[in-house]
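Engineer: Let me see the structure of the following:
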Amino acid sequence: MIWAAIALLAMCVSADIRGSIFDVVKAFFNRHFMIFFLFAFSWMSVCVYGLSRVELWEFENLKTTAVWGVTFAFSSMIGLEKIRSQKNFFEGLVSGSIKLTAIVIFITNLYSFSLLVEMILIPLVIFFSVLSAVSARDEKNALLTKILEYLVALVGVLYFLNALHEVISDFKSFASATNFREFIGPIVLTFMFFPFLYVFGLYGAYSRAFAQVGLRFEDKKTASYSKWTAFRFFRTDVELMQQWVQEVYVWSASNPAEIKASIISMKYRRFRENNPLPVRSADGWSPRDARRFLYGFGLEIDSYNPAYGYVIWSGSSKYVKVSVDYYSTNVVYYIRGEDGVTRQLKVVLNVNSEGEAVVAEDYFREVAESLLRVVFDCVPGILVFPLLNALDKDLVVEGRGVRFSKELYVHSACGGYSRSMSIYNDETYFDEVS
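Structural biologist: Numbering: from 1, shown residues only. Presented below is the predicted three-dimensional model:
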C-alpha cells in the first residue's frame, strides 16, 4: 500500500497522467460498474455470513477476506470474457485454489520480513518481473530472461525459508484454529463465488449478443421477439447462441416465423453434430471428426458453420504461433464442405520473417504429415518430395486430390511467404473461397 501510494503520487506529477488517472477513476465509478460491484459485494457478504454461521469465519479473518475479494473475486469478474471463451475456466480456478502451490503461498504469506526489508524487496521483485516479461518477447534475450527468472525465484525461496523457520520455531502458533480458517476460508469462498461468476458470465454473453441482434433488426418488436425466443431456446448454451448470432447477418429471416425456424434449425444442427450421420469415405469426412484431426497441435476447430447462402460450410482453427515475435509466424487449419460432410482439409503456414523459415517449415511438416496419416494412414511416398521442397503441385492419391502451393509476400521486406497443403475428398478440385 505504501509503494502504491508513492507510485500514485509520482504519476500525479505529470499533468497528462493526472488526467488519465481521473478518467480511469471516473470510468470505475460508472453506474453500470457500480451496480455490478454492488451485486458482487452483496453476494460475498452472504457467503461470509454463511461461513460465520458454521464457524469458518471470524472478524479477525477480515483482512484475508478483503485480500481474497480484491485478488480473486474482482479479478475473476474482470476476466468474465474467459468464462465464455475458455472451456476449462472454472477447472483452472479450482486447481489453483487447492494445489500444493496454494499451500506454499499461504504459509509464505503468514510471515513477513521487517518493514524496511519488505520496502526494498517488493519494488525489486516487481522490477525483475516486468523486465523478465519484456525480455521474453525476444529470443535473443534468452539468457537475460533466465537470469531474471532465477532472481525472482530466489526472492520467493527467501520468503518461503523465512516462513518455514517461523513455523518450525513456533509450530503451536502456526497450527491454530485462526490459521486454519485463514487457509480454508478463501478456498470455500472461491467455490461459493462460482454461481455468481456463472450467472454474470451468462448475463454478459446475452448482453453482447442482444446488442448485435438489436443492430440487425431495425424493428423493435422483431428485435425483442428474437431476443426472447433465443433466450427461451438456448438458455445456458451460450456457445450455440453466439453461433446463431454470428449467422444473423447471413440469413434473410425478417419475421417471427423465420426467426424461430432459424433458432430451431440451429438447435437441430447441434443435435446432429452430437449424433452425426455416417459419412462414406468416398464422400468426405464427418465434420465432427474433421474438426479434431489436428487437436494435438492446438488446431482444433470450434464450429462448422454455413456461409454464402448455406451452400458452402466452413470452419477454421485459431492461429497457432510458431514464434514469439509480435508479427509471429503461425499455422492455421481450415475445413470446407457442405451440410453434414467435409470435403476439403487445408493447413496453411504463414511465415512473416525469413529468419523463422527453418523452424516454421519443420513445424509445418509435422502438422501436414500428421494430417496425411489421419487421411491415408501413412505419408504416401509421392507426397514426400513436394512437401519437403515446398513445390506447387497437384497430385492424386488413392482417389483423393492433394494440392501443395506456395505464395511469396510481394510487399514483404522480410522474405515472408505463405504455403499450404489441401486434401480433397476426390480428385476433382473446386474453386476455393478466400
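
Engineer: can you count the residues close to residue 418?
Structural biologist: Using other CB atoms under 10 Å, residue 418 is surrounded by 14 other residues. Every C-beta, even on glycine, is put in place using the N, C-alpha and C of the backbone.

Engineer: Tell me which residues touch it, please.
Structural biologist: 348-351, 406-407, 409 (CB atoms under 8 Å, 6 or more residues apart in numbering).

Engineer: In a strand, it, correct?
Structural biologist: Yes - Residue 418 sits within a strand when classified using DSSP: H, G, I helix; E, B strand; the rest coil.

Engineer: so how far is residue 9 from it?
Structural biologist: Residue 418 sits 51 Å away from residue 9, going by CB to CB, to the nearest Å.

Engineer: What of residue 368?
Structural biologist: Residue 368 is 57 Å from residue 9, by CB to CB.

Engineer: These two - which one has more neighbours?
Structural biologist: residue 368 (22 against 9).

Engineer: host element of the more buried one?
Structural biologist: Counting by DSSP states H and E, the element that carries residue 368 is helix 357-376.

Engineer: Check residue 19 too.
Structural biologist: Using DSSP H and E, residue 19 maps to helix 15-28.

Engineer: Compute the inter-axis angle for the next helix or strand after that helix and helix 15-28.
Structural biologist: Note on helix 15-28: by DSSP H and E, the next helix or strand toward the C-terminus is helix 31-53. Relative orientation of helix 31-53 versus helix 15-28 (axes from the mean of the first three to the mean of the last three CA atoms, to 10 degrees): 60 degrees.

Engineer: what comes into contact with helix 31-53?
Structural biologist: Contacts for helix 31-53 (CB under 8 Å, 6+ apart): 27, 57-58, 65, 69, 73-74, 77, 185, 188-189, 192-193, 196, 200.

Engineer: hmm, 7 Å instead?
Structural biologist: 57, 65, 69, 73, 77, 185, 188-189, 192-193, 196 (CB atoms under 7 Å, 6 or more residues apart in numbering).

Engineer: what's the average pLDDT for that helix?
Structural biologist: In this model, helix 31-53 has a mean pLDDT of 89.

Engineer: For whichever helix or strand comes after that helix, C-alpha coordinates in CSV please.
Structural biologist: Where DSSP H and E defines the elements, the next helix or strand beyond helix 31-53 is helix 62-68. Output of helix 62-68 as CSV, limited to C-alpha atoms (Å, rounded to 0.1, in the frame of the first residue of the first chain):
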residue,chain,number,x,y,z
LEU,A,62,-11.5,-9.9,7.7
LYS,A,63,-8.1,-8.9,6.2
THR,A,64,-7.7,-12.2,4.4
THR,A,65,-11.2,-12.0,3.1
ALA,A,66,-10.6,-8.5,1.8
VAL,A,67,-7.4,-9.6,0.0
TRP,A,68,-9.3,-12.6,-1.5
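
Engineer: Give the buried residues for helix 62-68.
Structural biologist: By neighbour count with 16 or more other CB atoms under 10 Å, helix 62-68 contains the buried residues 64-65, 68.

Engineer: and the next helix or strand after it, how far out from the chain's middle?
Structural biologist: Downstream of helix 62-68, the first helix or strand assigned by DSSP H and E is helix 75-78. Mean C-alpha position of helix 75-78 versus that of the full chain (CA atoms, centre = their mean, to the nearest Å) differs by 14 Å.

Engineer: for stretch 273-284, same thing?
Structural biologist: Distance of stretch 273-284 from the chain centroid (CA atoms, centre = their mean) equals 30 Å.

Engineer: Ends of it, what's the gap?
Structural biologist: 16 Å (CA to CA, to the nearest Å).

Engineer: tell me which residues in it are buried?
Structural biologist: Those would be 273, 279, 283-284, for stretch 273-284 by 16+ other CB under 10 Å.

Engineer: which helices and strands sit right next to the helix holding residue 368?
Structural biologist: For helix 357-376, the packing partners by 3 or more CB pairs under 7 Å, 6 or more residues apart in numbering; DSSP states H and E come out as strand 330-338, strand 341-351, helix 381-389, strand 417-424.

Engineer: relative orientation of the last one and strand 341-351 in degrees?
Structural biologist: By that I understand strand 417-424. 160 degrees.

Engineer: Neighbours of residue 153, how many?
Structural biologist: Neighbour tally, residue 153, other CB under 10 Å: 11.

Engineer: and it, how far is that from residue 146?
Structural biologist: 10 Å.

Engineer: would you say residue 127 is within a helix?
Structural biologist: Yes - assessed with three-state DSSP, residue 127 lies in a helix.

Engineer: what pLDDT does it get?
Structural biologist: 90.
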